[in-house]
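> please work out how this folds:
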Amino acid sequence: MTAGGEGTAPPRVARLPRVTRETGYAVCRELEEHPGNDYVIRLLERLEEENPCVAEFVSRLAIQHDDPVAVSTAALLVYRLLESQLEADELRRQLAP
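Alright, predicted model coming up:
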């Protein structure tokens with residue numbers, strides 16, 4: 001019960017999606033379909049447009065390490081996994097009876 005005596009539940013807090021194996025496999029396939037660093041470069045370009053704060057954070061973090069490509073690749077792939085799972089979950093909700 002709330003202080004006002006109402007029996008309403010607290011609002012649900014949005015959370016990052018839990019990535020499934022299927023989503024992981026799908027993102028791996030996306031990565032394998034593009035030669036070299038093309039996939040990661042395109043992800044970073046899109047992220048710079050859609051979420052510039054995260055793109056800047058990834059870029060700044062990457063240049064502080066001996067292997068900036070590996071660091072940025074890992075960060076961008078985690079971002080893509082979460083993004084892809086969010087898309088899959090939304091599609092599942094839309095198709096649910």
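
> ok, residue 36 to residue 69 distance?
Applying C-beta to C-beta, to the nearest Å, the value for residue 36 to residue 69 is 10 Å. Where you see a C-beta, it was placed from the backbone N, CA and C, and this is true even at glycine.

> neighbour count winner among the two?
Per other C-beta atoms under 10 Å, whichever of residue 36 and residue 69 has more neighbours is residue 69, with 11 against 7.

> for that one, helix, strand, or coil?
helix (DSSP: H, G, I helix; E, B strand; the rest coil).

> thought it was touching residue 37?
Yes. Counting by C-beta atoms under 8 Å, residue 37 is a contact partner of residue 69 at 6.7 Å.

> tell me the contacts of residue 71?
By C-beta atoms under 8 Å, 6 or more residues apart in numbering, the contact set of residue 71 is 58, 61, 62, 65.

> nearest to residue 80, of these?
Set against residue 80, the nearest of those by C-beta to C-beta is residue 58 (11.7 Å).

> for the stretch of helix or strand that closest one belongs to, give the mean pLDDT please.
Applying DSSP states H and E as the criterion places residue 58 in helix 52-63. Averaging pLDDT along helix 52-63 yields 96.

> stretch 84-94 too?
95.

> contact partners of that stretch?
Counting by C-beta under 8 Å, 6+ apart, residues outside stretch 84-94 touching it are 17, 18, 19, 20, 22, 23, 26, 27.

> which parts of it are buried?
Neighbour-count burial for stretch 84-94 flags 84, 85, 88 (criterion: 16 or more other C-beta atoms under 10 Å).

> is the first one part of a helix or strand, or is it coil?
Using three-state DSSP, the three-state assignment for residue 84 comes out as helix.

> could you do the last one as well?
Going by three-state DSSP, the secondary structure assigned to residue 88 is helix.

> of the contacts of residue 71, keep whichever come out buried.
58, 62.

> output the contacts of residue 71 as JSON lines; include the columns distance to residue 51.
Conversion of these to JSON lines gives the following (distance: C-beta to C-beta, whole Å):
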{"residue": "58", "distance to residue 51": "10"}
{"residue": "61", "distance to residue 51": "15"}
{"residue": "62", "distance to residue 51": "16"}
{"residue": "65", "distance to residue 51": "21"}
